[in-house]
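>>> After the sequence you'll find the predicted model.
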Amino acid sequence: MSDEPAPVRKRVRVTSPHITATRQRRVTGTSEIDAQTDLGEIYMSSLLRSQLRLALLVLTALAVLVAGLPLAFALLPGMTRVHVLGMPLPWVLLAFAVYPFLLLLGWLYVRAAERNERDFAEVVERP
């Protein structure tokens, strides 16, 4: 063993030959939205419009169901005399038939809203 200290190595800085080149900024829809530019506002308003249109469509379907059943009972009084499993038909429709429709409506709404968002993301992330 030698008591000589190990030689000190000089540090070397490694850089890219393109370090002085100007970098091109890739402009995407997400950068436009983040920067809150006019184009970003257009992108966001288009997403909001499509989601609002979908929500109004679902709300209309729900209103037709909620208003349609009592209206059907009023226009067709013979329905109240029909019994299913010992219960009047309007009660059966209101108690059991409405909920599967509501679940289906909710499921369809979620799928359509996710599709809108997926389509929006594809448009925004295009180079």
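Yes, it's here. Residues are numbered from 1 along each chain as shown.

>>> now the helices: where do they sit in this protein?
29-34, 38-75, 89-92, 98-124 (DSSP state H).

>>> what does stretch 57-68 rub up against?
98, 101, 102, 105, 108, 109 (Cβ atoms under 8 Å, 6 or more residues apart in numbering). The C-beta positions use only the backbone N, C-alpha and C, and glycine is treated the same way.

>>> tell me the contacts of the fourth one?
What that stands for is residue 105. Per Cβ under 8 Å, 6+ apart, neighbours of residue 105: 58, 61, 62.

>>> And the buried ones among these, selectable in PyMOL?
In PyMOL, the members of those classed as buried (16 or more other Cβ atoms under 10 Å) are selected with the following command:
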select buried, resi 58
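
>>> Is it possible to get CSV of the contacts of residue 105 that adds distance to residue 4?
CSV is the format used below for those (distance: Cβ to Cβ, whole Å):
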residue, distance to residue 4
58, 82
61, 88
62, 87
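
>>> any chance of the contacts of residue 105 in TSV, with distance to residue 123 and pLDDT too?
Shown next, in TSV, are the contacts of residue 105 (distance: Cβ to Cβ, whole Å; pLDDT from 0 to 100):
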residue	distance to residue 123	pLDDT
58	23	95
61	27	93
62	29	92
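
>>> nearest to residue 16, of the contacts of residue 105?
residue 58 (53.5 Å; Cβ to Cβ).

>>> What separation do you get for the closest one and residue 3?
84 Å (Cβ to Cβ, to the nearest Å).
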